[in-house]
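Student: Take this sequence and fold it.
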Amino acid sequence: MTINTNAMKKLPIALLVVMALSACETPATDTAPAPPSEVTEAPKEDTQDWLSSILQPIPTDISYLMGQFNPATHPDFTPIANTYTTKSNIYLRKDAYEAFKRMYREAGNAGIVLKIVSATRNFDAQKLIWEEKWTGKRQVDGEYLPVEVTDAEDRARKILRYSSMPGSSRHHWGTDIDLNALNNDFFAAGEGLTMYNWMTNNAHKFGFCQPYTTKGSERPNGYEEEKWHWSFIPIAKPLTDLAKDSLSNEKIEGFLGHETAVSIGILENYILGVNPNCL
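Tutor: A predicted model of the protein is given here:
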């Protein structure tokens, strides 16, 4: 194109400035460049990748499933540091422990402190709890079982509201923890409610699930709701499947009142009576 310089000299200075600025603009494109934050943001870590990286071999024997071992000497278990618990000499599977520590840090960033008040209990530990409740030495749901409850099945069902028969507890597995308090009222308001809401929204990111939710159409059987009880699902789910396939009510024995395991249906109604989201 030929430019008439004489004509350009006759144009007002203001118009010449506008023409110069227009010539310097970058032509518009159909696709706008991505904001810098989208370009430089590091990819987020995949939950399944880090969970898979910490998992130990999944047990396949019934004796493990029923808590017939000592967690203090078992190679898959580790003691829980005082930072994370209110108790002493309690243990957890190493993989569940690593996942909990990661969850503990994230909860702390949100101003929430998670404290383990109970973890692994083997058969002997569960038997002690069960038989003390059975014989009236320990309270059941805030009171001692009255001596007039002579029917064995009635007695067992009262204990089973919140406590497992030895050989049938998820606490045998080293996957389950009780957090902060052992009563639902604590989680109904204040710091307990804040903590429970955080767990409900975030625990799954670390592999944890609440097995005993409110009973209803989705979970008609089993223990009462326990807002404090959380289970490490990458290991607990295969063990639940193992119980379904290999355990029977007749194998649950060796403690006072064990004969009621069959009539009550401990396997079907309690071991398998968990939150469907945890299966």
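Student: Summarise which helices and strands the longest helix anywhere in the chain is packed against.
Tutor: Criterion DSSP state H: the longest helix present in the chain is helix 94-109. Under the contact definition 3 or more CB pairs under 8 Å, 6 or more residues apart in numbering; DSSP states H and E, helix 94-109 sits against helix 47-54, strand 77-79, helix 190-202, strand 208-209, strand 229-232, helix 233-246. Any C-beta I mention is one placed from the backbone N, CA and C, and that applies to glycine too.
Student: switch to 7 Å and redo it
Tutor: helix 47-54, strand 77-79 (3 or more CB pairs under 7 Å, 6 or more residues apart in numbering; DSSP states H and E).
Student: can you give me the mean pLDDT across that helix?
Tutor: In this model, helix 94-109 has an average pLDDT of 98.
Student: do you know how far the residue nearest in space to the middle of the chain is from residue 229?
Tutor: Taking CA atoms, centre = their mean, the centroid of the chain lies closest to residue 208, which sits 1.9 Å from it. From residue 208 across to residue 229, the span is 10 Å (CB to CB, to the nearest Å).
Student: Tell me which of the helices and strands packed on helix 94-109 sits most buried.
Tutor: Mean neighbours per residue, mean count of other CB atoms under 10 Å, is largest over the helices and strands packed on helix 94-109 for strand 77-79, with a mean of 18.
Student: now it, how far from the centre of its chain.
Tutor: Relative to its parent chain, strand 77-79 has a centroid offset of 18 Å by CA atoms, centre = their mean, to the nearest Å.
Student: which strands and helices sit next to it?
Tutor: strand 91-93, helix 94-109.
Student: Show the subsequent helix or strand relative to the longest one.
Tutor: Toward the C-terminal end, the helix or strand that comes next after helix 94-109 (DSSP states H and E) is strand 116-118.
Student: residues in contact with the helix or strand following that following strand?
Tutor: For strand 116-118, the following helix or strand on the C-terminal side (DSSP H and E) is helix 123-134. Residues outside helix 123-134 that contact it (CB atoms under 7 Å, 6 or more residues apart in numbering) are 66-68, 138, 140, 145, 155, 159, 163-167, 169, 171-172, 255-257.
Student: End to end on stretch 200-217, go ahead and measure it.
Tutor: End-to-end distance for stretch 200-217: 20 Å, by CA to CA, to the nearest Å.
Student: Please apply the same query to stretch 159-175.
Tutor: End-to-end distance (CA to CA), stretch 159-175: 22 Å.
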